[in-house]
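Q: Got a sequence here, can you model it:
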Amino acid sequence: MSTHDDTAGLILAGGRARRMGGEDKGLIQLNGHAMITYIIAAMQPQVQSIMINANRNIDKYRKFGYPVLQDDISGFQGPLAGIASGLANCEVDFIATAPCDGPFLARDYVERLHAAASDNASKISVAFDGERLQPVYALIHKDLLPSLLQFLTEGERKIDLWYARHSYARADFSDAQNMFTNINTPQDLQIIENSLDR
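A: The predicted structure follows:
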């Protein structure tokens with residue numbers, strides 16, 4: 001595992017979590033720890049810095065010791081709004097994004113994203129699980145902020161459609177499908193807790 005000094009990690013915790021009864025998923029306890037701590041622990045050795053995108057419980061997220069960025073667009077507009085805030089506040093060349101409810105982030109996550117981007121001379125690489133893209137797991141160059149802001153200004157919100165405007169690379173994580181296990185319901189939480197207990 002190597003640290004990419006040209007990359008900031010952006011943990012996406014800005015959603016409404018309707019299927020979790022509106023609970024803030026990043027702060028849900030998983031085996032005695034807030035969910036987001038698992039993503040921070042996996043991401044921190046791989047990147048130069050970490051930012052958290054959140055739209056509520058701001059003070060609670062600040063206690064983890066990293067900058068907390070709110071969406072510049074109000075109304076919980078989806079992950080692209082959070083990514084735009086991350087790019088706008090990024091002091092290095094890239095951001096590597098990950099959701100707050102995926103506790104199994106690969107230890108070589110950022111390395112694989114960079115390798116795919118480099119091999120394809122692309123400014124975006126997106127995780128591919130062997131069957132489909134996992135669009136909130138991505139590496140994005142800060143130069144693409146104007147393109148993203150234009151996309152959002154047009155009223156668009158679908159992350160796949162914005163990626164399609166660029167020659168993105170697919171980063172192969174077909175051997176690490178566990179990474180895309182996330183927590184959307186109380187039942188998911190119980191299953192993951194049980195798996196961590198083993």
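
Q: Low-confidence bits of this structure, can you list those?
A: Of all residues in the chain, those with pLDDT under 70 make up the ranges 1, 15-22, 73-77, 196-198.

Q: And the strands in it, which stretches?
A: For the chain, the strands identified by DSSP state E occupy 4-13, 29-30, 33-34, 47-54, 68-69, 94-99, 124-128, 133-141, 169-172, in order along the chain.

Q: OK, contacts around the residue nearest to residue 60 when sequence neighbours are not counted?
A: Closest residue to residue 60 in three dimensions, ignoring its sequence neighbours and counting by CB to CB, 6 or more residues apart in numbering: residue 27, at 6.0 Å. The C-beta positions use only the backbone N, C-alpha and C, and glycine is treated the same way. The neighbourhood of residue 27, defined by CB atoms under 8 Å, 6 or more residues apart in numbering, consists of 34-36, 57, 60-61.

Q: now do residue 36
A: Residue 36 sits next to 11, 13, 26-27, 52, 61, 64, 100 when contact means CB under 8 Å, 6+ apart.

Q: For the residues you listed, which single residue is the most surrounded?
A: Neighbour tally across these (other CB atoms under 10 Å): the maximum, 30 neighbours, falls on residue 100.

Q: hmm, back to that, greatest separation within the contacts of residue 36: which pair is it?
A: 11 and 27 (12.1 Å; CB to CB).

Q: Endpoints of stretch 66-85, how far apart?
A: Separation of the first and last residues of stretch 66-85 by CA to CA, to the nearest Å is 15 Å.

Q: nope, stretch 84-95 is what I was after
A: Between the opening and closing residues of stretch 84-95 we find a distance of 10 Å, counting by CA to CA.

Q: for stretch 82-99, same thing?
A: Across stretch 82-99, the straight-line distance between its terminal residues is 11 Å, by CA to CA.
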